[in-house]
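1. structure, please.
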Amino acid sequence: MERKTSQQNDRMNKNDLMGKPESSLERNSGIPETPANVLDYAPNDERMNEDIKSLREELQTLKNSMAAVSSHAASSTMGMASDAAAAVSSKVSDAASMISGKTADVASAASSGVQSLSGEIEVMTRRNPLAALAGAAVLGMLIGMMSRGRN
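-> Modelled structure (predicted):
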C-alpha cells in the first residue's frame, strides 16, 4: 500500500474538484503547464531564430572587440620593447664612448710618460756615459740570473 502525504492528498482533491489531473510540471516547479509556456520555445519558432541571430551578432561583436584589444596589447607591448631596446642601446653606446675616451686618455698619458722617461734616460746617458754602461751591465746580469733560475 502506498501512503500519500497530506499535501499530495490536498493537490489531488483540488485537481479532482477542477476536473483535471496534476501535471509533472506543476508538481515539480509550481509553474502551471499551459500551451503558451510550451510554445514560447518551440523548435521552429521565429522568436528562437531571432534570439539565435542576436546571439550570433553579439558573439561576432565580442570577437571583434577581443581582436582589437589583443592587437592593441600586442602593439603596445612591441612599443614598450622597442623603447626599452632603444634605451639600452643608448646606454651601451654612451658607456662605449666613455670607455673609449678613458682608454685614449690612458694611452696618451702612458705614451707621454714613456717619452719623458726615454728623454730623461737619454739626457742622463749623455751626461754620465760610464754610469749608464754599468747600470746596463747590472740589469743584464739580473735578467740572466732570473732566467737561469726558472729553467
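
2. give me the contact list for stretch 83-91.
-> Residues from elsewhere that reach stretch 83-91 (CB atoms under 8 Å, 6 or more residues apart in numbering): none. (Each C-beta comes from the backbone N, C-alpha and C, glycine too.)

3. and Asn128, its phi and psi?
-> phi -140, psi 80 (degrees, to the nearest 10).

4. give the contact list for it.
-> Taking CB under 8 Å, 6+ apart, one finds nothing in contact with Asn128.

5. please repeat the previous calculation with a cut-off of 10 Å.
-> Residues in contact with Asn128 (CB atoms under 10 Å, 6 or more residues apart in numbering) are Ala134, Gly135.

6. against Ile121, how distant is it?
-> Distance of Asn128 to Ile121, computed by CB to CB, to the nearest Å: 11 Å.

7. spit out the residues that contact these two alike.
-> Joint contacts of Asn128 and Ile121 (CB under 10 Å, 6+ apart) are Gly135.

8. low pLDDT regions in this protein?
-> 1-44, 150-151 (pLDDT under 70).

9. would you map the strands across it?
-> Counting by DSSP state E, no segments of the chain form strands.

10. longest helix of it?
-> Counting residues, the longest helix found in the chain (DSSP state H) is helix 46-127.
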